[in-house]
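Enquirer: quick one, structure for this:
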Amino acid sequence: MDKPFLKNKHHYRLFIRLKPEISDGFMDIVSINGRQMQTKQKPVLIDDISPEGLKFTTELRLPVGNLLGLGFHLYILNQPVRLEGFVVWRRAGENLYEYGVRFKVNRIDHIRLIKQLNDLLLYIYPGNAKVHLLYRGMTNQYLKNRRRKMESRNHP
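Expert: Residues are numbered from 1 along each chain as shown. Reported below is the predicted structural model:
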């Protein structure tokens, strides 16, 4: 039976999950047990994406946990995007598996991704100012909280 990697059964979503305009993407394995490697890219279906992770579907059965590092290649508003992360949950379907991935990105790439996703949100919902303001506010609050956590770790 497939079990989630995260122990908390109540996952709170901090961000809106967006469906990319082109849902075809590619995945490759970038590391196993921390050892870098390079594999062939396999096509995957990107179901949704947020600044923290993505959901994808494939026929491959992958392990849940952070021992397998994955790379994803997709497009957001015709711009190529490369992201890395690890599987945090898996759901078995009929001949397919759905996965949740948490990104492992540095601060600069994370901010860049947030901007790209905000641009995608503006593109998808051009006339809905309330959604844009809500998303921008949530994003700014998240970044402030994350910055505080990092600063508190550096200054005990």
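Enquirer: list the contacts of the spatially most central residue of the chain.
Expert: Centroid-nearest residue in the chain, with CA atoms, centre = their mean: Gly53, separated by 1.7 Å. Contacts for Gly53 were tallied using CB atoms under 8 Å, 6 or more residues apart in numbering; they are 85, 88, 100-103. Every C-beta, even on glycine, is put in place using the N, C-alpha and C of the backbone.
Enquirer: following element in sequence after the longest strand seen in the chain, please.
Expert: In the chain, taking DSSP state E as the definition, the longest strand is strand 79-92. Per DSSP states H and E, strand 79-92 leads on to strand 97-103 as the next helix or strand towards the C-terminus.
Enquirer: okay, the helix or strand that comes right after that following strand in PDB with CA atoms only?
Expert: Once strand 97-103 ends, the next helix or strand along the chain (criterion: DSSP H and E) is helix 107-124. In PDB, the C-alpha atoms belonging to helix 107-124 read as follows (Å, rounded to 0.1, in the frame of the first residue of the first chain):
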ATOM      1  CA  ARG A 107      16.300  31.200  -2.600                       C
ATOM      2  CA  ILE A 108      17.000  32.900  -5.900                       C
ATOM      3  CA  ASP A 109      15.400  30.100  -7.900                       C
ATOM      4  CA  HIS A 110      12.500  30.000  -5.500                       C
ATOM      5  CA  ILE A 111      11.800  33.700  -5.900                       C
ATOM      6  CA  ARG A 112      12.100  33.400  -9.700                       C
ATOM      7  CA  LEU A 113       9.600  30.500  -9.700                       C
ATOM      8  CA  ILE A 114       7.100  32.500  -7.600                       C
ATOM      9  CA  LYS A 115       7.300  35.400 -10.100                       C
ATOM     10  CA  GLN A 116       6.800  33.000 -13.000                       C
ATOM     11  CA  LEU A 117       3.800  31.500 -11.200                       C
ATOM     12  CA  ASN A 118       2.400  34.900 -10.500                       C
ATOM     13  CA  ASP A 119       2.700  35.800 -14.200                       C
ATOM     14  CA  LEU A 120       0.900  32.500 -15.000                       C
ATOM     15  CA  LEU A 121      -1.900  33.500 -12.600                       C
ATOM     16  CA  LEU A 122      -2.200  36.900 -14.200                       C
ATOM     17  CA  TYR A 123      -2.400  35.200 -17.600                       C
ATOM     18  CA  ILE A 124      -5.000  32.600 -16.500                       C
END
